[in-house]
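# Structure for this input, please:
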Amino acid sequence: MISLMIPPEYSWIIPIIVPLIIGLLIGIIIKRTIKLAIMVLILVLLLGALGYITLPSVQDVIQKASEYLPMIWKGAGGLINILPYSSITFIIGFLLGLWKG
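Next comes the predicted model:
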């Protein structure tokens, strides 16, 4: 059996590196999700302007948002408590992920 022993003089770096990596990954995921959402929105608007699809009214969008957003928020509530968002290294990783991701 292989034992992973971290020398005590290096063990202080683990609680610093792990939130940094988690923040970096979440920042990259959020940045790419926003980019994709903007591209889909532009495509839908372009297709609507050219007449290939009919765009929903603002009232329809508000009605669907009020229907689905509470369910999304309820499902994501548990996930938010898992993230170390109060850690400064998480915030630094998150901002790096948004900036460079």
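# drop to CA atoms for contacts and neighbour counts, all remaining ones
OK.
# What spatial separation is found between L20 and Y68?
Distance of L20 to Y68, computed by C-alpha to C-alpha, to the nearest Å: 32 Å.
# If you could redo that for I21, that was the one I meant.
31 Å.
# The two: which is more packed in?
When I21 is set against Y68 and neighbours are counted by other C-alpha atoms under 10 Å, the residue ahead is I21, at 17 against 10.
# Give me the secondary structure label for that one.
Three-state assignment for I21 (DSSP: H, G, I helix; E, B strand; the rest coil): helix.
# Find the nearest non-adjacent residue to it, please.
Distances taken as C-alpha to C-alpha, 6 or more residues apart in numbering place G93 nearest to I21, at 6.3 Å, with adjacent residues excluded.
# Tell me who's in contact with G97.
Counting by C-alpha atoms under 8 Å, 6 or more residues apart in numbering, G97 touches 23-28, 31.
# How about it, nearest residue that isn't a chain neighbour?
Per C-alpha to C-alpha, 6+ apart, closest to G97 is G27, 4.1 Å.
# before we move on, the earlier item: where does the residue nearest to I21 sit, in terms of helix or strand?
Element membership for G93, per DSSP states H and E: helix 88-100.
# What segments of this structure are helices?
14-50, 58-80, 88-100 (DSSP state H).
# Lowest mean pLDDT across those helices, which one is that?
Mean pLDDT is lowest for helix 58-80 out of the helices of the chain, coming in at a mean of 86.
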